[in-house]
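Asks: Just need the structure, nothing else, for what follows:
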Amino acid sequence: MIISINSEEKMKQLGQVIGASLIGGEVIELIGDVGAGKTTLTKGIAAGLNVAETVQSPSFTISREYNGRDNLKLAHYDFYRLVDAGIMIEEIKESIDDEKTITIIEWGEIIKNILPGDRVSIKITAVSDNDRQVELSASSQITQAINREFSL
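Replies: Below is the predicted model:
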């Protein structure tokens, strides 16, 4: 599924639709260059999970965790600055295996060997300063929710 997004607000709205459709246990891999909108999308996903805290990029802290609706947790990882994921492997595996946690991973190439095959993959490409192309490979529950909300 490919979606054209023309503003930061629309990116958050897309994320909110995705977040509202999540039930726990999902792993979401975000792919895109610096500034593509990965954290903006994550803010929307957090809103769809009713996360009360302000979502911040984990670029410097590597990971952040938030509490959401229905006792769900959102674990957000960013491996952009990490050369060796060895110290994080056990934490990531625990997050991925927890059915009450939604795991979002940016720059996941460093841990590709432990990512599940049934993950949600979202590639964001900057077309211009404001326009983004979002290529989504996801389960039917997520794609159906997006189709309803974005009239695709």
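
Asks: For residue 93, which three-state class applies?
Replies: helix (DSSP: H, G, I helix; E, B strand; the rest coil).

Asks: Next, the contact list for it, please.
Replies: residue 114 (C-beta atoms under 8 Å, 6 or more residues apart in numbering). C-beta coordinates here come from the backbone N, C-alpha and C atoms, glycine included.

Asks: try residue 66
Replies: Residue 66 sits next to 46, 49, 51, 53, 55, 73, 74, 76 when contact means C-beta under 8 Å, 6+ apart.

Asks: right, and the pair among those residues with maximum separation?
Replies: Pairwise distances across the contacts of residue 66 peak at 13.0 Å for 55 and 73 (criterion: C-beta to C-beta).

Asks: Of the contacts of residue 66, which belong to strands?
Replies: The strands, defined by DSSP state E, take in 73, 74, 76 from the contacts of residue 66.

Asks: okay if I get those residues as a markdown table plus neighbour count and pLDDT?
Replies: Output for those, formatted as a markdown table (neighbours: other C-beta atoms under 10 Å; pLDDT from 0 to 100):
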| residue | neighbour count | pLDDT |
| --- | --- | --- |
| 73 | 17 | 97 |
| 74 | 25 | 97 |
| 76 | 28 | 94 |
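
Asks: Please identify which of these is nearest to residue 88.
Replies: Using C-beta to C-beta, the ones in strands among the contacts of residue 66 come closest to residue 88 at residue 76, 12.9 Å.

Asks: ok, that closest one touching residue 42?
Replies: Yes. Between residue 76 and residue 42 there is a contact under C-beta atoms under 8 Å: 5.8 Å.

Asks: Please identify every residue contacting each of the two.
Replies: 55, 104.

Asks: need the strands for this structure, in chain order.
Replies: 2-5, 27-31, 63-67, 73-78, 101-106, 120-126, 132-137.

Asks: Turn the ones you listed into a markdown table, including distance to residue 37.
Replies: Shown next, in a markdown table, are those (distance: least, C-beta to C-beta, whole Å):
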| stretch | distance to residue 37 |
| --- | --- |
| strand 2-5 | 7 |
| strand 27-31 | 9 |
| strand 63-67 | 17 |
| strand 73-78 | 14 |
| strand 101-106 | 11 |
| strand 120-126 | 5 |
| strand 132-137 | 5 |
